[in-house]
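Engineer: Structure, please.
(chains A and B)
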Amino acid sequence: MSLFWIPLLPLLGTLVPLLSERFGRSACALFTALLPAGALALVLSHAPEIFAGETLQQSFSWIPAMGLDLAFRLDGLALLFCLLILGIGLLIILYARYYLSAQDSMSRFYAYLILFMTAMVGIVTANNLIQLWLFWELTSISSFLLISFWNHKSEARKGARMALTVTGAGGLALLAGLLLIGHIVGSHDLGVVLASGDTLREHAAYPVALVLVLLGAFTKSAQFPFHFWLPHAMAAPTPVSAYLHSATMVKAGIFLLARFYPVLSGTELWFLIVSLTGLATLLLGAYIALFKHDLKGLLAYSTVSHLGLITLLLGMDTQLAAVAAVFHIINHAIFKASLFMAAGIIDHECGSRDMRKLNGLWKYMPHTATLAMVAAASMAGVPLLNGFLSKEMFFAETLHQVSLGSLSWMVPVLATLGGVFSVAYSTRFIHDVFFNGEPVDLPKTPHEPPRYMKVPVEILVALCLLVGIFPSVIAGGLLSAASSSVLAGNLPEYSLSIWHGFNLPLLMSVIAMVGGLIIYYNRRHLYQFQAQFPESDAKLVFERMIQSLVAGAARVHKFCENGSLQRYMLFLLMFALALTAGPLMDLNTTAGLRPHLPVDGVEITAAVLLCLSALATVIWHRKRMIALLTLSVVGLIVSIAFARFSAPDLALTQLSVEVVTVILLMLALFFLPQKTPKESSPRRVVRDLSIAAIIGGIIGTINYALMTRPLDSISDFFLANSKVGGGGTNVVNVILVDFRGFDTLGEITVLGIAALGIFKLIARMRLYMPAGDEHGRPWARDRHPVMLAVISQSLLPLALLVSVYIFLRGHNLPGGGFIAGLVTSVALVQQYVAHGVDWIKERLKVDYQWLIASGVLIAALTGVGSWAFDRPFLTSWFDYFSLPWIGKFELASAMVFDLGVYLTVVGATLLILANLGKLTTNHRPTQPESE
Amino acid sequence: MEAVYAICVGLLTFSGVFLCLRGRTFPVVMGLTLLSYAVNLFLFSSGRLKLDGAAILGTSYSYADPLPQALVLTAIVIGFAMTAFIVILAMRARADLGNDHVDGRLPPQPEAKPRRKKEHA
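Structural biologist: As a prediction, the model looks like this:
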């Protein structure tokens, strides 16, 4: 069977609880367990091959160009984690069946839980760095959903947010680290990465990659100083705490360390960071755990401490330490999950988790008490239990490491100190809860839980005992398989026996036992001492930090985006300035080598006129009518300039656009204020003038530098192929409708969209219409002067004839669809001006929206037509025909395309101007508005 | 000639940018129009200035560069569409918001607060 199914089965299983909820709670739990159980069976079926030392791999190509594959891998380490995740997951499903109350949505809980299970299985079986990261983030998200399962509780929401922020941020660091590793190694394939440890360690970017990956691992595994989120994640339902926060998710960081142990470890930096972080976490967690009155709080800090222990083991420079780390991963998962479940049972049956209230439960629930005590003894490291074995190995390894040089003696001492506290809090867990007098006003009378709620705890506790008594029989194979993949096959000699004789590690264990009992006995003094410290709630600290971050971001945001468009313009222009000014300074000579054209008097006159008009527009911009007039002068001179410099098409276009633009602006001015108030401060005027002057200077300079340099253009191609390829001698037009026809199609589409947008904007506009001009003089009564009406009416056929002529000749002589369309528009707009909207409405029954649509459609269909001849989109065709009387003439598909352009331009221009003009009629009766 | 042309383009840019930085919609529209003249002239000149040449085959021995001409031709038409859109947007803003300031709201009156301070806030 395929490895692919191992994560896929749980993924499908996410849907099962949602579908099976209607069949009742027990059935829902049963069905939910089926697919994960299938995945577990699948994993177990592969176990013999893994124990034989094989590594199973399977991959599907996804985006090979980017190194993205869907790749799965099952080796010893993945097998171990799969067993933990799926095995404990199944127990949790059973446990949660009895833990959740009738009000809780069981299907939602199970769906989240199985989603999380999928993500975890995905992490441990991933054989691609990016895929690993993807599942990594999925665990952050699904754990967020699980922690906030009781989302009516504020602490659950806050705890979930904190966990998501911390682990999510770590996930981003991890992504950066993994990408860096992928870049260094040249592949995202985990197999390749694991084989190139030396390349990685010798690379200059190794420290950066290491720190980034460690950030990801430490945040996930709640290592100091990121440990604070884990205790607050205990707001989750207890099955979640037992699953995520003891057995699986927090182990993901440890998994990451173990996974990359062959490639990232072995350097001074690794040992220093990892071992010191682990040591600090171990001590801090063990110390704080002792003072927690909340049962789950104690277990949470104990988890932090044990995670620190595993990290410390991975950070030591001996191979046996890595074996011990793997062993402790197994043991910790087993005893801590059972302890959490026991704590959940106690909470469930007593209604409280406060150890100041919970006392003497032995009398009420002896069965649960026995199970919890065995597990707690394992946590303390009592012989004959699994916790003892790995702790013993841990003590032994602390004696052998030399990573801190001459200060290395501190490690075993501090490790023993950690062991002392560990025994102390374990003793507290046992003594405070189950003995120590009578319960203090509990909400419920304690009693034993339902029979099957205890089954998962019993199984785990039995495992504690079995591993503790027959270590090599029960866990030997798994341990050696997992350790050999952590150590890349170099498995050291070790023995998994209970008795190693009287040696130093045993002495350390004894010291820890005795010391822990002494500390617990004298706990009141310690509590009093601890009470002197001010309480600090990480939740509040965290919220405050987040709020100050948000406030800071809001301040920056408010500075940049204060609603002033003028400011945005300024930022934009300054940015453009910064981008252009730099390269220009590198340009040594402004003038190029190209010979300059001579200047004659006419040109000088036109240039002076242009400059004066532009300046006049600026100077009189507050008298809008005058500014508009001077602006139109500028436009006219620009079109003359086009004509002068050998661009007749441009001159024609500019001229007709100029007419339409000025009409448009006149219409707009009718509704807008006639004058601009004087509101800019002198300082702002000077500022704007200087910015404008600098930008104008830069643009002028670039333009001069550009024009005076020799031209190396691709236009020779167009000149050479225009006639033979496109069948026209007007190269500009042939480029528009043939060579770059696709661009033109896009442009007329934009034109159409703009016109339609304007149409919608006009549709419900309610404007104030002035009754007179700015001096209060009323408008002329004669709205449509007879002379204007007569002349424009008689000019219309002529104008239309001209536009048809310009259109037809466009392929060979200046003209074409754009220009003809504009000429037609101008002619028709003139009719609107002369006769008014109503008059036209009766006579010209054309819907301009349809005109635009048909124009774009014709142009597009011309392009599609070439598909009929098995040619690419917009392939052109032309041929010459001759008819009697008319003579020889040319037909080209490009002319149909140009017709589309023509119709779109006419439709768009008239849609804009006619609709705007309509607003000026007083009664506005013409078009019923749909809204 | 090139120098004169460049000065004209620079001056048009200057006028356009200055008007674009004004606070009312109509001057901004005029500024955009001026700026689009400048841009069109600039793009056109990337084919270099040429007298007595044309992009019509068979009419001249030295042809003007047709490519910038084709680009600028569409730019002029699209420029018109965009100017029209901005103008109508400005009118709509005036209709809906009651003023023609680009921000959609009038700056506070100078009597209420020192103007300079407000403008830099």
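
Engineer: Does the residue nearest to the spatial centre of chain B lie in a helix or a strand, and which?
Structural biologist: Within chain B, the residue whose C-alpha comes closest to the C-alpha centroid is B:Leu35; the distance, by C-alpha atoms, centre = their mean, is 2.4 Å. Assignment of secondary structure by DSSP states H and E places B:Leu35 within helix B:25-45.

Engineer: which regions of chain B lie under the pLDDT threshold?
Structural biologist: Counting by pLDDT under 70, chain B shows low-confidence ranges at B:109-121.

Engineer: How about the residue of it found nearest chain A, nearest residue that isn't a chain neighbour?
Structural biologist: In chain B, the residue that lies nearest chain A is B:Gly10 (2.4 Å; C-beta to the nearest C-beta). C-beta coordinates here come from the backbone N, C-alpha and C atoms, glycine included. Distances taken as C-beta to C-beta, 6 or more residues apart in numbering or on different chains place A:Gly700 nearest to B:Gly10, at 2.4 Å, with adjacent residues excluded.

Engineer: and the gap between the one you found and B:Phe42?
Structural biologist: Relative to B:Phe42, A:Gly700 is positioned 9 Å away (criterion: C-beta to C-beta, to the nearest Å).

Engineer: Any chance you could list residues touching both of those two?
Structural biologist: With contacts defined as C-beta atoms under 8 Å, 6 or more residues apart in numbering or on different chains, the residues adjacent to both A:Gly700 and B:Phe42 are B:Val9.

Engineer: before we move on, the earlier item: list the buried residues of the helix or strand where the residue of chain B closest to chain A lies.
Structural biologist: Counting by DSSP H and E, the secondary-structure element that holds B:Gly10 is helix B:2-20. Along helix B:2-20, the positions that meet the burial threshold by neighbour count (16 or more other C-beta atoms under 10 Å in any protein chain shown) are B:2, B:4-20.

Engineer: And that helix, what does it pack against?
Structural biologist: Contact here means 3 or more C-beta pairs under 8 Å, 6 or more residues apart in numbering or on different chains; DSSP states H and E; on that basis helix B:2-20 packs against helix A:601-619, helix A:682-707, helix B:25-45.

Engineer: Share the number of residues neighbouring the one residue in the stretch 551-700 of chain A that gets nearest to chain B, please.
Structural biologist: Relative to chain B, the nearest point of the stretch 551-700 of chain A is A:Gly700 (2.4 Å; C-beta to the nearest C-beta). Residues lying near A:Gly700 (other C-beta atoms under 10 Å in any protein chain shown) number 23.

Engineer: Spatially, which residue comes closest to B:Leu73, not counting chain neighbours?
Structural biologist: With sequence-adjacent residues excluded and distances taken as C-beta to C-beta, 6+ apart, B:Leu73 is closest to A:Thr653, at 5.4 Å.

Engineer: Pop out the phi and psi values for the one you found.
Structural biologist: Main-chain dihedrals, A:Thr653, degrees, to the nearest 10: phi -60, psi -50.

Engineer: Surely it and A:Ala820 touch.
Structural biologist: No - in this structure, A:Thr653 sits apart from A:Ala820 without contact. The criterion is C-beta atoms under 8 Å, and the distance is 10.4 Å.

Engineer: Tell me which of the two has more neighbours.
Structural biologist: With neighbours defined as other C-beta under 10 Å, A:Thr653 and A:Ala820 compare such that A:Thr653 has more, 31 against 28.

Engineer: give the contact list for that one.
Structural biologist: Taking C-beta under 8 Å, 6+ apart as the test, what A:Thr653 contacts is A:818-819, A:822, B:73, B:76-77.

Engineer: ok, the closest residue to A:Ala538 other than its chain neighbours to A:Ala820 distance?
Structural biologist: For A:Ala538, the nearest residue in space outside its immediate sequence neighbours is A:Phe228; the separation is 3.9 Å by C-beta to C-beta, 6+ apart. Counting by C-beta to C-beta, the gap from A:Phe228 to A:Ala820 is 74 Å.

Engineer: neighbour-wise, which of the contacts of A:Thr653 leads?
Structural biologist: Once you tally neighbours by other C-beta under 10 Å, A:Phe818 ends up highest among the contacts of A:Thr653, having 33 neighbours.

Engineer: what about A:His500, which SS state?
Structural biologist: coil (DSSP: H, G, I helix; E, B strand; the rest coil).

Engineer: what about it, neighbour count?
Structural biologist: Should you count by other C-beta under 10 Å, A:His500 turns out to have 12 residues around it.

Engineer: phi, psi of it?
Structural biologist: Note on A:His500: its backbone torsions stand at phi -110, psi 10 [degrees, to the nearest 10].

Engineer: do A:Ser148 as well
Structural biologist: When read as degrees, to the nearest 10, the backbone of A:Ser148 gives phi -90, psi 30.

Engineer: so what's it closest to, chain neighbours aside?
Structural biologist: Leaving out its chain neighbours, the residue that sits closest to A:Ser148 by C-beta to C-beta, 6+ apart is A:Ala160, at 3.6 Å.

Engineer: Next one: that neighbour relative to A:Ala235, how far apart?
Structural biologist: Plainly put, A:Ala160 is 8 Å away from A:Ala235 if you go by C-beta to C-beta.

Engineer: what does A:Val734 give?
Structural biologist: Distance, A:Val734 to A:Ala235, using C-beta to C-beta: 72 Å.

Engineer: and if you look at A:Phe559?
Structural biologist: With distances defined as C-beta to C-beta, the gap from A:Phe559 to A:Ala235 amounts to 37 Å.
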